[in-house]
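Trainee: could you look at this predicted model? Sequence included:
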Amino acid sequence: MIKRLFLFFFWIGVILLAMYQARSSKTVMNFIHRSASLFSTQQKTTSTRAGSVSFTGTPSSKTKANKAASSNMATLYLKNSGVISGELLWEKDGRVALLWQGGEIEFAKGEIERIQKGEFHAEKEGFLFPVAQPEKWPYKNDVVIHLKDQRILDETISNVQGEKVILRRQLEEGGVIEQEIARSQIEFLAFKPVQNKKSQKIEESLRTQFPKMKWVREGFFTLVTDSYATWVNEYRHTIRELATDFYLKFFPLLSGRSPNLTNFVVVFDEWGDFMEYAATDGVPGWAVAGYFSPDSEVLFLFNTLGDSFSKLIEEAIMGQTGRRMSGAVEAVKGQVDKRYHVFVEEQAEDVMKKFSAAHSVIRGRYREETLTTLRHELTHELFHNWGLQSIVVSKLEGSQGEEAKKKRSFLEEKDIQRKRELLLELVHLRGSKPIQVAASNSWFVEGLAAYMETVPAGEPNKRWLYLFQQAKRKNALFPIEHLTVYKMGSFPGIAWEAMQYAYAESWAFVYFLMNRYPAEFTKYLERFSREKPKENEDIHWLLEALGGKNMRALEGEFLEYMNQFPELEDPYLEEFDMMRNIFQG
């Protein structure tokens, strides 16, 4: 689980700052004074446009297309059994776009079974999601390559060499031929769905808890969410992208293995709903954006740009500012000649553009936060479900259904006192179970997840690199053998700053090993997946995999390798300066 408390509340602070600026009379008075000063010069001017602008500041909301008025309505029947209706915007380059909930949503024609023009389905707000069991896998291989030119390669992946993927084809007349394709040609990999009793049991539990959420199946992933369709597309793209990077990056580990169960991803559109649910799992929802639960074997996440929070941001930055600016415009117009009104409006528009730019920056940062957290936590889930990280929590047989029903009751209960009672019952239910944990090391569990956060995966991660450099400057880095002491969780029991540095050093050490010793590190991870080390034995496994290196020599090589990166500025301060420059520019 990745802690993002500082980042989350940093941006809350930015929003509050923007709210303060929007509410402050100084912003409006500066506008009035600048306008009055401009008009007092009595210079001859020429109007560049006519008409007036009204800044009502009313926040825009997600609006549905006028179905009755539009002749371009269409319904797409997807190959995964999904159905979506909306206004057909365009068809080009093998893709189709619909207007849905005020946003544009795209599909590749290869995903579409048929397009029914002039037809609209109003059920489920225009988006029908399949609830039936996955259809029979139509390919001979469990992993299939989708190329960017829309072709599908149903051939065995025999090897991955850097940016080259080697395919092997068995000829009917006997013999084998190999084909090499560049990683840059691949759009994504599709994975055969996992259908077993364990996956079915998890699905039944989730359906009990979230009866009103939408379900989207794609390969061996099942997405459960109450987000709008535009966000569903974002989730799907990120899941595809991460799964593809994961499989190709760790192919030597995954080759010959099969995933143990479906990867379930639950995304809440509302922060409050996520916090309430996280509480039932004993997770501080106010401090995290998402978490993978090895107990329920499900990833839980909230959309930091969910509907309510998006409206809050928009109202804070654009709505209040717009209403005050509209009042200021009218006040100035009442004090000057009509020939200057166009310049008053232009001045106001310039101010509003700054707030609009700030709004875009903040929305972009929150979008990145949601998708980065999804990549991080999904990496945990993939390693776990492929049996490569042995984080296992046992449960009493038959208790899952009881717990699911109690969680649903807790989420639906409106009475505060009853909510507390149900939460206590859930805690007691969990506490009464015999829990046995066999956990992988925190350093490579969290280090690998941080390594996979970037797009593309494995690029230098500015956030963690800066914190690593900061820890080094403060002489706060852990000796490697101390870093491996933590066997489970997110470095529990240490102070917040030390925990952040542990995350950063874990990312850096994994980055070093993946780039300098990829085969040896893979060998170490593979051994960890099939053997449980005795006390302090794991660090000796690593040194052994690296050819019998000395610990201090390895540490020195690691620190020297990380010295190649120039010193970074604090990325949070960079973003804060960006906001300040918007308003001061």
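Mentor: Sure, I can see it. Quantities reported herein were computed from a predicted structural model and do not represent experimental measurements.
Trainee: what's the closest non-adjacent residue to residue 77?
Mentor: residue 113 (4.5 Å; Cβ to Cβ, 6 or more residues apart in numbering). Just so you know, the C-beta spots here come from the backbone N, C-alpha and C atoms, and that holds for glycine as well.
Trainee: quick check: closest non-adjacent residue to residue 444.
Mentor: That would be residue 510: by Cβ to Cβ, 6+ apart, it lies 6.2 Å from residue 444.
Trainee: I figured that neighbour was touching residue 449, is that so?
Mentor: No. Residue 510 lies out of contact with residue 449 (Cβ atoms under 8 Å); the separation is 9.2 Å.
Trainee: helices along the stretch 101-250 of the chain, start to end?
Mentor: Per DSSP state H, counting those that start in this stretch, the stretch 101-250 of the chain carries helices over the ranges 197-209, 229-249.
Trainee: repeat for the stretch 351-500 of the chain
Mentor: Using DSSP H, counting those that start in this stretch, helices in the stretch 351-500 of the chain cover 399-412, 416-431, 442-451, 462-473, 480-483, 496-516.
Trainee: now the shortest one: buried residues?
Mentor: Read that as helix 480-483. 480, 483 (16 or more other Cβ atoms under 10 Å).
Trainee: please enumerate residues in contact with it?
Mentor: By Cβ atoms under 8 Å, 6 or more residues apart in numbering, the residues outside helix 480-483 that reach it are 443, 502, 505, 506, 509, 536, 539, 551, 554, 555, 558.
Trainee: before we move on, the earlier item: can you flag the weakest of the helices of the stretch 351-500 of the chain by average pLDDT?
Mentor: The stretch with the lowest mean pLDDT among these is helix 416-431, at a mean of 57.
Trainee: and the nearest residue to residue 583 once chain neighbours are set aside, how far from residue 321?
Mentor: Spatial nearest neighbour of residue 583, excluding adjacent residues (Cβ to Cβ, 6+ apart): residue 354 at 5.6 Å. Taking Cβ to Cβ, to the nearest Å as the measure, residue 354 falls 9 Å from residue 321.
Trainee: poorly predicted segments of the protein, please.
Mentor: 1-71, 80-81, 100-103, 120-135, 390-440, 486-490, 492, 585 (pLDDT under 70).
Trainee: and the longest strand for it?
Mentor: strand 83-92 (DSSP state E).
Trainee: quick one, what contacts residue 555?
Mentor: Residue 555 neighbours (Cβ under 8 Å, 6+ apart): 479, 480.
Trainee: sorry, wrong one. I was asking about residue 233.
Mentor: Listed by Cβ under 8 Å, 6+ apart, the contact set of residue 233 reads 105, 106.
Trainee: picking up where we left off before, tell me the buried residues in the longest strand of the chain?
Mentor: Buried residues in strand 83-92, defined by neighbour count with 16+ other Cβ under 10 Å: 83, 84, 85, 86, 87, 88, 89.
Trainee: again, but for stretch 313-328
Mentor: So, applying 16+ other Cβ under 10 Å, buried residues of stretch 313-328: 313-322, 324-326, 328.
Trainee: what's the closest of the helices of the stretch 101-250 of the chain to residue 260?
Mentor: helix 197-209 (7.2 Å; Cβ to Cβ).
Trainee: and that closest one, how far from the chain's centre?
Mentor: How far helix 197-209 lies from its chain's middle: 23 Å, per Cα atoms, centre = their mean, to the nearest Å.
Trainee: in that helix, what counts as buried?
Mentor: In helix 197-209, counting by 16+ other Cβ under 10 Å, buried: 199, 202, 203, 205, 206, 209.
Trainee: show me which pair in those is furthest apart.
Mentor: Among these, the pair separated by the greatest distance (Cβ to Cβ) is 199 and 209, at 15.9 Å.
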